[in-house]
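S.K.: Any chance you could fold what I've pasted below:
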Amino acid sequence: MGYRDTATKVRPGVMEKVMQFIQQVSYGEIVITIHDSKVVQVEKREKTRFQD
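M.R.: Numbers count the residues shown, from 1 in each chain. The predicted model follows:
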């Protein structure tokens, strides 16, 4: 199973949410949780660093 096979199986709103999070985060992580080959959760972890 390649990328093209799995890309068509992602629910419509999932990719939009991932892209939205990518645009919102300047520094941080986007974590995608998968269970049984299905995306069940997307987390946005944003970092804020302070200069001395």
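S.K.: Just want the most central residue of this protein.
M.R.: In the chain, the residue lying closest to the centroid (Cα atoms, centre = their mean) is Val18, at 4.0 Å.
S.K.: Just give the nearest non-adjacent residue to it, would you?
M.R.: Val42 (5.9 Å; Cβ to Cβ, 6 or more residues apart in numbering). Heads up, the C-betas are built off the backbone N, CA and C, glycines and all.
S.K.: tell me which residues form a beta bridge with the one you found?
M.R.: Ile32 (DSSP bridges).
S.K.: That one contacts Ile30, doesn't it?
M.R.: Yes. Applying Cβ atoms under 8 Å, one finds Val42 in contact with Ile30, separated by 6.9 Å.
S.K.: list the residues that contact both of those two?
M.R.: Common contact partners of Val42 and Ile30 (Cβ atoms under 8 Å, 6 or more residues apart in numbering): 18, 21.
S.K.: residues of stretch 23-31 that come out buried?
M.R.: Using 16 or more other Cβ atoms under 10 Å as the burial criterion, the residues of stretch 23-31 that qualify are Ile30.
S.K.: Good, wrapping up.
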